[in-house]
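Novice: this one's sequence-less:
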């Protein structure tokens, strides 16, 4: 049985609906069609959000920015804390947030079609290193978008946080992440509602790309087939059905990677790695036939990936050097057949 019974029943009804769904959707929403940093002001009770970190109750706030023509635009927005690891006050003094926009206000603006959006925040206030980790995580999303269209859109923001419950203002970088519903419409997929899947149900090329990409990032905090109790599959990889019957797998959430190198990041303890900067390949052995083409894809886009990092003006020199060296080590491995055999082929699961 490929998925759980209820998922299999749903999958048999999807192909025709998905084809029409894809035809009626635009390639990209305007918010994620531009790579320019968006300067915004976000007003809300951030002191309360930092202390109480509610993940169900939303607090009222306001979101404002300047349109391309210079016009001032302001939306009402509801705000709540979100996430798992980073919502823990012992890890981050400022939690990740979810912004809930009103579609009636966003229509015909840069935020057209947007509703609920994840906001990746800086974790620690007044920390230049944590600001840099936001930039690094944003670039991880950008790298994946170079390799495939089946990736979550990400928009880098420079936010002024205006505390409505204290006399405080603070500036930091943040990332808005494309909602899964919008990703579905863009690529013509549909979320699969199941707690566990089989890797054999995933498109082989997608599974291989995701596996090598997670290795590229130095990530062990993911699973393409399972997740926690009462959560939809999969852990930090979205599972979406396709017209072919096999599913797409789309990685997200990269803070615990060697590429980002966040101060709070630790590797998954089950793998007994000393640091997140140590790479471990977790691709499937049955899917190794896809590996040569996947590595060729990374080789073909090396110049574009390195240019993305080298030309990003907000990166401080230490951050840039770390990422460039980390990428160089990856390419040194995949360009050496013996290293590929030792570090990827023989490490498959």
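Specialist: Done, it's in. In this text the structure is predicted, and so the values were computed from the model without any measurement.

Novice: ranges for the helices of the stretch 151-300 of the chain?
Specialist: 180-187, 204-217, 291-300 (DSSP state H, counting those that start in this stretch).

Novice: to residue 275, which of these lies closest?
Specialist: Across the helices of the stretch 151-300 of the chain, the minimum distance to residue 275, taken as CB to CB, is reached by helix 204-217, at 13.6 Å. C-beta here means a position set from N, CA and C on the backbone, and glycine is covered the same way.

Novice: ok, residues contacting that closest one?
Specialist: 140, 143-144, 147-148, 150, 199, 220, 222, 224, 237, 246-251, 254, 257-260, 279-284, 287, 289-291, 293-295, 297-298, 327, 330, 344 (CB atoms under 8 Å, 6 or more residues apart in numbering).

Novice: check the burial of the residue lying closest to residue 178 once chain neighbours are set aside by counting its neighbours.
Specialist: Of all residues beyond its chain neighbours, the one nearest residue 178 is residue 153 (3.5 Å), with distances taken as CB to CB, 6 or more residues apart in numbering. With neighbours defined by other CB atoms under 10 Å, the count for residue 153 comes to 19.

Novice: quick one: residue 153 from residue 339, how far?
Specialist: Look at residue 153 and residue 339: by CB to CB, to the nearest Å, they are 33 Å apart.

Novice: for residue 116, same thing?
Specialist: Between residue 116 and residue 339 the distance, using CB to CB, works out to 43 Å.

Novice: and for residue 243?
Specialist: Using CB to CB, one gets 37 Å for the distance from residue 243 to residue 339.

Novice: how about low-confidence regions in this protein?
Specialist: Where the chain drops to pLDDT under 70, the residues are 1-28.

Novice: can you pull out the strands in the stretch 151-300 of the chain?
Specialist: Taking DSSP state E, counting those that start in this stretch to define them, one finds strands in the stretch 151-300 of the chain at 154-163, 169-177, 190-191, 237-241, 247-251.

Novice: could you look over these and pick the most buried one?
Specialist: Across the strands of the stretch 151-300 of the chain, averaging neighbours per residue (mean count of other CB atoms under 10 Å) puts strand 247-251 on top, at a mean of 26.

Novice: hmm, who's touching that one?
Specialist: The set of residues external to strand 247-251 that reach it, using CB under 8 Å, 6+ apart, is 144, 150-152, 183, 187, 189, 192, 197, 201-203, 206-207, 210, 213-214, 219, 222, 224, 234, 236-242.

Novice: one step back: mind checking which of the strands of the stretch 151-300 of the chain is nearest residue 93?
Specialist: Closest among the strands of the stretch 151-300 of the chain, using CB to CB: strand 169-177, at 11.4 Å.

Novice: tell me the strands beside the closest one, with direction?
Specialist: Strands that pair with strand 169-177, judged by DSSP bridges, come out as strand 116-120 (antiparallel), strand 154-163 (antiparallel).

Novice: any idea which helix or strand comes after the first one?
Specialist: Past strand 116-120, further along toward the C-terminus, the next helix or strand under DSSP states H and E is helix 128-147.

Novice: with that, I have no additional questions.
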